[in-house]
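Enquirer: mind looking at a prediction? Sequence and model below.
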Amino acid sequence: MNARDSIQDVLLGLVPIALLVALWQVLISFGYAPVTLLPPPGHVFARLMQQLLTSNFQEEIAATLFRLFAGFAIAVVLGVGIGLAAAASPPVNAVVRPIVRVLAPLPKVALYPALLLLLGFGHESKITLVAADALFPILLSTYYGASTVEQKLIWSAMAAGTPARQVLFKVVLPAAAPSILTGCRIGLVISCIVVFLAEMITSTDGLGHVLVTAARTFQAVDMFVPLITISLLGLILNGLLEALRSYLLRGFPEV
Amino acid sequence: MTAVRTVVARLAPLLACLGLLAVWQCASFALNNDSFPTALEAIRAIPAILGDKEALINILASLRRMAIGFGVAVTLSIPLGLLMGRSRAVASFFNPLLMVIYPVPKAALMPIIMLWLGVGDLAKMLVIFLGVSLPVIYHSFEGAKAVEEKMLWSGAAMGLSAAQRLIRIVLPAALPEILTGCRTGLVLALITMVTSEMIARQSGAGNILFNALDMGEYDIVFAMIIIIGAMGICLDAAFERMRKRLVRWSEPQFDIPLSFS
């Protein structure tokens, strides 16, 4: 694939987004949708720009980002740790596996009321929910990545005199890195979604709260602003993770 | 020895459930908090909910919405994902759009969709549809992309048209991956169902859960959590059984779904 092809791809990809915005505009211009229900796109983006510059809105974004990163960080640490431990030791695996099997398909949002009652309405309950939701994809992909490491690599490291404990960090962890990073990417998208939902359910700040407040007062324009913001945040974070990935995996073939 | 081992392996999820309930029981004794009932109290509240006719109708209505949203999403998403996997033009057409939509919480669209469609079934089914579509499209796309070219060439050499190749070669070859996506979608449908009902408090399982939370009926809150959790685990187990039958020839890549919200 050369540069010209990729530019073409990007241009082609912009078409449906442009079409969507155009359809949005057409619906309003021809009077199919009342402006109170569906504000014109120009209006929404102008409002977004205006809001992004106010310190109030920036604080809401900061609150959301703080919860997102805290929950995601906990999920990464726990997920990679438990995943590696389960892949490395059969007894740990025997305990972790059935518990994960039960907890992974559980809708974590349903746990949120319990977390609220236990941890209160502040940051803690939201961070826990984000961590609980992002944990499983990271844990599972770490586990599968670590358990499919080629045995020969481990043997050669041991033959070269690496102690068993260091094999985990010097061989298994780097070899499982592509899989772990894929899990982190899924976990990151989930974190974006969950933090927003948690803030919608009960919160006094954050982007989700902005949406709920706007919905209660029927401010359609203000309802679109936090949604577009979280979508942009997701894209930016995804891009950062992608950059981190290509930096970390620079030695790997075809990433 | 092997017989004992298989029995233990089969019972392991059950043991894990019991273990988690035991941890809960101990934790609630240790905390001794009014708003945190013991596991036994919560389990005792379950029959009251399931015995109540109105609650039962509510829960069944939720499941119906979920089934319709999930069904429509799967039937539309698989063909789109397969097409994206086989044609680079289609893929680069839709990919950025999907990337923009992905991090948006689908249940958060609920307040906007409610403005247009009202609080009824249609809005909730649409949200579930949106939530399920993305993982199914994504996994079908990945599955179709990984189909071996040689099989397609042989198919073409034997005179299959492009559409026939898609149905008779790409679809079966991508099936394991597609079903992984469907399994993720199933868990996701349940999550979206609960959240959509929490936002549009009108009927359904999520409504019972969050109303109980507002009323301070904590044993019902925890009983509903158990019921919803059990629905998730049962649906997942049933789907897994069907999946194993359909793709017996392929090694499962993930034996536990990666759940999304």
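Expert: Looks like it came in fine. Numbers count the residues shown, from 1 in each chain, chains lettered A, B, ... in the order given.
Enquirer: tell me the contacts of residue 51?
Expert: I went with chain A, as the question did not name one. The contact partners of A:Gln51, by C-beta atoms under 8 Å, 6 or more residues apart in numbering or on different chains, come to A:57, A:225. Using the backbone N, CA and C atoms, a C-beta is placed for each residue, glycine as well.
Enquirer: quick one: the helix or strand containing it to chain centroid distance?
Expert: Secondary-structure element containing A:Gln51, defined by DSSP states H and E: helix A:41-53. Distance, stretch centre to chain centre, for helix A:41-53: 24 Å (C-alpha atoms, centre = their mean, to the nearest Å).
Enquirer: angle of the helix or strand following that helix against helix A:41-53?
Expert: Downstream of helix A:41-53, the first helix or strand assigned by DSSP H and E is helix A:55-88. Computed by axes from the mean of the first three to the mean of the last three C-alpha atoms, to 10 degrees, the angle separating helix A:55-88 from helix A:41-53 equals 80 degrees.
Enquirer: correct me if wrong: A:Leu168 contacts A:Ala85.
Expert: No - with contact defined as C-beta atoms under 8 Å, A:Leu168 does not count as touching A:Ala85 (9.1 Å).
Enquirer: and for the closest residue to chain A within the stretch 1-150 of chain B, the neighbour number?
Expert: Closest residue of the stretch 1-150 of chain B to chain A, C-beta to the nearest C-beta: B:Pro103 (2.3 Å). Applying other C-beta atoms under 10 Å in any protein chain shown, we find 22 residues neighbouring B:Pro103.
Enquirer: secondary structure class for it?
Expert: Three-state call for B:Pro103 (DSSP: H, G, I helix; E, B strand; the rest coil): coil.
Enquirer: tell me, how many residues neighbour A:Ala243?
Expert: Residues near A:Ala243, counting by other C-beta under 10 Å: 10.
Enquirer: ok, now how distant is it from B:Leu56?
Expert: Distance of A:Ala243 to B:Leu56, computed by C-beta to C-beta, to the nearest Å: 51 Å.
Enquirer: one more: A:Val189?
Expert: Applying C-beta to C-beta to A:Val189 and B:Leu56 gives a distance of 35 Å.
Enquirer: same check on A:Met158?
Expert: For A:Met158, the distance to B:Leu56 - C-beta to C-beta - is 60 Å.
Enquirer: repeat that for A:Val92.
Expert: From A:Val92 to B:Leu56 the distance is 41 Å (C-beta to C-beta).
Enquirer: what residues does the stretch 1-150 of chain A have near chain B?
Expert: A:8-10, A:12-17, A:20, A:33, A:37-38, A:94, A:97-111, A:113-114, A:116-118, A:133, A:136-137, A:140-141, A:144 (C-beta under 8 Å from any C-beta of the partner chain).
Enquirer: which of those fall in strands?
Expert: Per DSSP state E, strands hold no members of the residues of the stretch 1-150 of chain A next to chain B.
Enquirer: and those residues, which are buried?
Expert: Among those, the ones that count as buried by 16 or more other C-beta atoms under 10 Å in any protein chain shown are A:9, A:12-13, A:16, A:33, A:38, A:97-111, A:113-114, A:116-118, A:133, A:136-137, A:140-141, A:144.
Enquirer: that's a helix at A:His209, yeah?
Expert: Yes - assessed with three-state DSSP, A:His209 lies in a helix.
Enquirer: tell me the pLDDT of it.
Expert: pLDDT, A:His209: 86.
Enquirer: burial measure for the closest residue to it other than its chain neighbours, as a count.
Expert: Closest residue to A:His209 apart from its sequence neighbours, by C-beta to C-beta, 6 or more residues apart in numbering or on different chains: A:Ser203 at 4.3 Å. As a burial measure, A:Ser203 scores 25 neighbours (other C-beta under 10 Å).
Enquirer: which stretches in the stretch 51-200 of chain B count as helices?
Expert: B:53-86, B:88-101, B:110-117, B:121-145, B:149-157, B:162-165, B:171-199 (DSSP state H, counting those that start in this stretch).
Enquirer: okay, the ones you listed, which one's buried deepest?
Expert: Burial among the helices of the stretch 51-200 of chain B, expressed as mean neighbours by mean count of other C-beta atoms under 10 Å in any protein chain shown, is greatest for helix B:171-199, which shows a mean of 25.
Enquirer: for whichever strand or helix holds A:Arg245, list every residue counted as buried.
Expert: For A:Arg245, the host element (DSSP H and E) is helix A:220-248. By neighbour count with 16+ other C-beta under 10 Å, helix A:220-248 contains the buried residues A:220-231, A:233-235, A:237-238, A:241, A:245.
Enquirer: spatially central residue for chain A, please.
Expert: By C-alpha atoms, centre = their mean, the mean C-alpha position of chain A lies nearest to A:Leu188, the distance being 1.8 Å.
Enquirer: do I have it right that it meets A:Leu240?
Expert: No - between A:Leu188 and A:Leu240 there is no contact under C-beta under 8 Å: 9.2 Å.
Enquirer: wait, B:Leu56 sits on B:Leu50?
Expert: Yes - if you go by C-beta under 8 Å, B:Leu56 and B:Leu50 touch, sitting 6.3 Å apart.
Enquirer: pull up the residues of the stretch 51-200 of chain B that are close to chain A.
Expert: B:88-89, B:92-97, B:99-109, B:111-112, B:115-116, B:187, B:190-191, B:194-195, B:198-199.
Enquirer: ok, the closest residue to A:Ile180 other than its chain neighbours - how many residues close by?
Expert: Leaving aside its sequence neighbours, A:Ile180 sits nearest to A:Thr142 (C-beta to C-beta, 6+ apart; 5.0 Å). Close neighbours of A:Thr142, defined as other C-beta under 10 Å, add up to 30.
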